[in-house]
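S.K.: sequence below, structure please.
(one chain, ligands or ions: 1)
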Amino acid sequence: MTSYQSRFHESAFGFAAQLSLEATEKGSPIFMSWSTRVPEFDHVKLWDRARGLTGNAFLWISTWGGPRIVTAGSAVGIGGTGSGRFADVRQAWSEITSILRQNCDLAHAPGPVLVGGFAFSPEVPDSMGAGSFPDGLMTVPAVQFISLPCGDNYVTVNLLIRPAADFSQVLASRLQLLEDLMNLEELHNESRAASSGVLSKIEIPSGLEFQRLVERAVGEIRAGTFEMIVPVRELKVTVDGEFDLSAAVQRLLVNSPNTTVFASHLMGEGSGKCFLGATPEYLVRLTGGTVRTLGLAGSIPRGTVPEQDSVLESQLMADQKLRRENSVVTEMLRQVLSGVCSKIEVENEPKVLKLAQIQHLATEVCGMLDRPSDVGIFDLVAMLHPTPALGGHPRREALNWLKDNESIERGWFAGPVGWVQSDGSGEFGVAIRSAFVRNSEASLYAGCGIVEGSEPRAEYEETQVKLLAMAAALGCL
Ligand SMILES: C=C(O[C@@H]1C=C(C(=O)O)C=C[C@H]1O)C(=O)O
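M.R.: Here you go, the predicted model:
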């Protein structure tokens, strides 16, 4: 045991012993979150090691700022089902935070972080079988690593301490896990058979059928059923061997500017399953009562040379159809926030958000919560999801039509994925530009906003462009 590891032991065991006495005296449990500062670490290597050691690992690295997070294992898993999945998690998290105790020798330690995500729609039957992700699953990790924007890095061990119960075995195993995670220099690539080639690629539905779906959607728009809708398609790729998830995350980080890279790995039956992506869109960011959300809709490809790129950018800004798409989304966000916020600010005009292969119209909407103690991040998620950018407008009519007409299960695609801290701050991205990977099979997804005047062929091509980043990351272009 190195000297700092023995310091970890002394400090964490001392704190736990004190809390155990208190819990026994009070006759009720205490949730311990013990943190210490550590040197800078390699997030992707840690995540890879965490999934190898525990099966349950989460990574979040965002260009929106905020913390960079890697977690390992689970101290508490919180499931949520059906349309109440957000409220289920909110309730369980508030129970945990009400019995939370952190060691107070570190003033800025982040405390426990709740990480995970939710399915796009809980109403869709699970055709992915036991391999898929649940309606909602957020985890208080056994061990977490957080890099704060100020440059400080913390490691935290979380543990539920029950009255009159022995905590020492579980704590010792969490500290052992921490030690194993931190010994990165000893990390030899666990022998996972890397994929040696693509065996098959299947479009669901076929390109032609998807274009017909878009055509039907445009017909419904003309008939007045809804104003905007976002059909999604899937690309199922099978490879020989296994996908290299660590390389995929690394590639996303390097090749996807202006996005948040996330990767949630869970133990499946007998093997792991992973949902990962690099999303340019956030559903909600909450800090100190300030809410931010993003209207991201209206897209055009990037140019191959700078002159062509700026011509395309001007076209994007001038296109009335695309501007309308963006304003439908922004208006809904504004309306939702106006129910719970004051001082709402909406940018006058969209900005152009440039990604590697595509550029989007983006309008930020922000406000101050009127009653931050009553309305929290899970309430905001429940109100905002799904925005017209991923469902349609009006919401109910659009979702009903998708349920009857879209031939895939979205799973966690386009659902909220993110993290929350014990003070209620946190962020949820919209999980697009993502894939669900299990063994040798990956499902990549892409959708497109359809409004009056949308052309099926152009929309299909837009989804092709949106699939590129994930396909390149997984090595199956
Ligand atoms: C549905 C997706 O993206 C959404 C649709 C967009 C559009 O149609 O212009 C743009 C950004 C996203 O809100 C996707 O990437 O799959």
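
S.K.: show the average pLDDT along stretch 22-38.
M.R.: Stretch 22-38 shows a mean pLDDT of 97.

S.K.: endpoints of it, how far apart?
M.R.: Distance between the two ends of stretch 22-38: 28 Å, counting by Cα to Cα, to the nearest Å.

S.K.: just stretch 371-391 next, same as before
M.R.: 28 Å.

S.K.: now do stretch 425-435
M.R.: Using Cα to Cα, the two ends of stretch 425-435 sit 27 Å apart.

S.K.: please apply the same query to stretch 76-84.
M.R.: Using Cα to Cα, the two ends of stretch 76-84 sit 19 Å apart.

S.K.: phi and psi next, for Glu349.
M.R.: Here is the backbone geometry of Glu349 (degrees, to the nearest 10): phi -130, psi 150.

S.K.: give me the number of neighbouring residues for it.
M.R.: Burial of Glu349 is recorded as 9 neighbouring residues (other Cβ atoms under 10 Å). From N, CA and C alone the C-beta is placed, and that goes for glycine too.

S.K.: cool, Thr304 as well?
M.R.: Neighbour count for Thr304, taken as other Cβ under 10 Å: 8.

S.K.: now do the SS call for Cys104.
M.R.: coil (DSSP: H, G, I helix; E, B strand; the rest coil).

S.K.: where's the residue nearest the centre of the chain relative to the ligand, distance?
M.R.: Geometric centre of the chain, nearest residue: Val417, 2.7 Å, by Cα atoms, centre = their mean. With distances taken as Cβ to the nearest ligand atom, to the nearest Å, Val417 is found 14 Å from the ligand.

S.K.: skip the chain neighbours and tell me the closest residue to that residue.
M.R.: Once flanking residues are discounted, Val417 sits nearest to Gly117: 3.3 Å by Cβ to Cβ, 6 or more residues apart in numbering.

S.K.: the one you found - that's part of a strand, no?
M.R.: Yes - counting by three-state DSSP, Gly117 is part of a strand.

S.K.: may I have stretch 277-290 exported as CSV, CA atoms only?
M.R.: Taking Å, rounded to 0.1, in the frame of the first residue of the first chain, the C-alpha atoms of stretch 277-290 are listed here in CSV:
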residue,chain,number,x,y,z
GLY,A,277,-22.2,9.4,-27.9
ALA,A,278,-21.1,13.0,-28.4
THR,A,279,-24.1,15.3,-28.3
PRO,A,280,-24.2,19.0,-29.2
GLU,A,281,-27.6,19.5,-27.5
TYR,A,282,-28.4,20.0,-23.8
LEU,A,283,-31.9,19.7,-22.4
VAL,A,284,-31.2,21.5,-19.1
ARG,A,285,-28.3,23.0,-17.1
LEU,A,286,-29.1,24.2,-13.6
THR,A,287,-26.7,26.1,-11.3
GLY,A,288,-27.7,28.2,-8.4
GLY,A,289,-31.3,28.7,-9.6
THR,A,290,-30.2,29.6,-13.2
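
S.K.: any idea how far that stretch is from the chain center?
M.R.: Relative to its parent chain, stretch 277-290 has a centroid offset of 10 Å by Cα atoms, centre = their mean, to the nearest Å.

S.K.: what packs against the one helix or strand Leu114 maps to?
M.R.: For Leu114, the element it lies in under DSSP states H and E is strand 113-118. Here strand 113-118 touches strand 57-62, strand 68-72, strand 76-80, helix 85-98, strand 136-140, strand 143-147, strand 260-267, strand 416-421, going by 3 or more Cβ pairs under 8 Å, 6 or more residues apart in numbering; DSSP states H and E.

S.K.: same thing but 6 Å
M.R.: Secondary-structure packing of strand 113-118 (3 or more Cβ pairs under 6 Å, 6 or more residues apart in numbering; DSSP states H and E): strand 136-140, strand 416-421.

S.K.: quick one: mean pLDDT for it?
M.R.: In this model, strand 113-118 has a mean pLDDT of 97.

S.K.: what's the angle from it to strand 143-147?
M.R.: Strand 113-118 runs at 100 degrees relative to strand 143-147, counting by axes from the mean of the first three to the mean of the last three Cα atoms, to 10 degrees.

S.K.: and strand 113-118, how far from the chain's centre?
M.R.: 8 Å.

S.K.: got it, and stretch 273-287?
M.R.: Distance, centroid of stretch 273-287 to centroid of chain: 3 Å (Cα atoms, centre = their mean).

S.K.: check contacts around Arg85.
M.R.: Neighbouring residues of Arg85 by Cβ atoms under 6 Å, 6 or more residues apart in numbering: Phe118, Pro122, Asp135, Gly136.

S.K.: am I right that the third one is in contact with Ser121?
M.R.: No - Asp135 lies out of contact with Ser121 (Cβ atoms under 6 Å); the separation is 9.0 Å.

S.K.: what about the closest residue in space to Val143 that isn't next to it in sequence, neighbour count?
M.R.: Excluding the flanking residues, the one nearest Val143 by Cβ to Cβ, 6+ apart is Ala72, at 4.7 Å. Ala72 has 26 neighbours, counted by other Cβ under 10 Å.

S.K.: and for the closest residue to the ligand within the stretch 151-300 of the chain, the neighbour number?
M.R.: Here the stretch 151-300 of the chain gets closest to the ligand at one residue, Ser299, 3.5 Å apart by Cβ to the nearest ligand atom. By other Cβ under 10 Å, the residues close to Ser299 number 21.

S.K.: that one and His108, how far apart?
M.R.: Computed as Cβ to Cβ, to the nearest Å, the Ser299 to His108 distance reads 39 Å.

S.K.: and what about the residue of the stretch 151-300 of the chain closest to the ligand, helix, strand or coil?
M.R.: strand.

S.K.: show me the contacts for it.
M.R.: By Cβ under 6 Å, 6+ apart, the residues touching Ser299 are Ile358, His360, Glu462.

S.K.: hmm, Gly295 and the second one touching each other?
M.R.: No - here His360 does not reach Gly295: they are 9.9 Å apart, not a contact under Cβ under 6 Å.

S.K.: re earlier: neighbour count for Asp135 and Ser121, which is higher?
M.R.: Comparing Asp135 with Ser121 by neighbour count (other Cβ under 10 Å), the higher total belongs to Asp135, at 24 against 19.
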